[in-house]
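Colleague: pasting a predicted model and its sequence here:
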Amino acid sequence: MKNVQGKQKMSATLGMLILLGGLSGCSMFSPSSAPVDCDVVKTQARAGKSDTQIASDLGAPVDKIAECHGPEATGNKSEEMIPSSY
């Protein structure tokens with residue numbers, strides 16, 4: 001009987017360690033550290049949604065949503081993509 005209880009305690013302890021290890025690793029993948037797709041933000045803003053609503057929908061902090069309203073950082077902004085005057 002002692003041997004069975006010892007194995008059960010060991011299994012429970014090991015299970016808890018695995019569970020805690022898995023949960024602690026989840027913080028790496030939290031939405032707050034994930035990049036925000038500014039195209040989606042701009043589309044939703046044009047549809048009339050507020051930054052708070054967009055942040056809630058995307059699971060991102062409001063300050064990251066607000067960063068998308070700044071100057072264009074991607075797309076055809078580089079000089080080689082801007083047509084020259086003829």
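Modeller: Structure's in. What do you need?
Colleague: check which element follows the helix or strand of the chain with the lowest mean pLDDT along the chain.
Modeller: Counting by mean pLDDT, DSSP states H and E, the chain has its least confident helix or strand at helix 2-25, which shows a mean of 74. Once the chain leaves helix 2-25, the next helix or strand it forms, by DSSP states H and E, is helix 38-46.
Colleague: ok, now how distant is the closest residue to A60 other than its chain neighbours from A55?
Modeller: Excluding the flanking residues, the one nearest A60 by C-beta to C-beta, 6 or more residues apart in numbering is V36, at 5.1 Å. Where C-beta positions appear, they are placed from N, C-alpha and C, glycine not excepted. From V36 across to A55, the span is 9 Å (C-beta to C-beta, to the nearest Å).
Colleague: what sits in contact with each of these two?
Modeller: K64, I65 (C-beta atoms under 8 Å, 6 or more residues apart in numbering).
Colleague: so where's the chain shaky on pLDDT?
Modeller: Applying pLDDT under 70 to the chain flags residues 1-2, 19-33, 71-86.
Colleague: domain ranges for it?
Modeller: Domains of the chain are assigned by automatic domain parsing as 1-30, 34-73.
Colleague: I'd like those domains laid out as CSV, including mean neighbour count.
Modeller: Converted to CSV, the domains of the chain look like this (neighbours: other C-beta atoms under 10 Å):
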stretch, mean neighbour count
domain 1-30, 9
domain 34-73, 14
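Colleague: for the helix or strand encompassing T52, packing partners?
Modeller: Element membership for T52 (DSSP H and E) is helix 51-58. With contacts taken as 3 or more C-beta pairs under 8 Å, 6 or more residues apart in numbering; DSSP states H and E, helix 51-58 sits against helix 38-46, helix 62-67.
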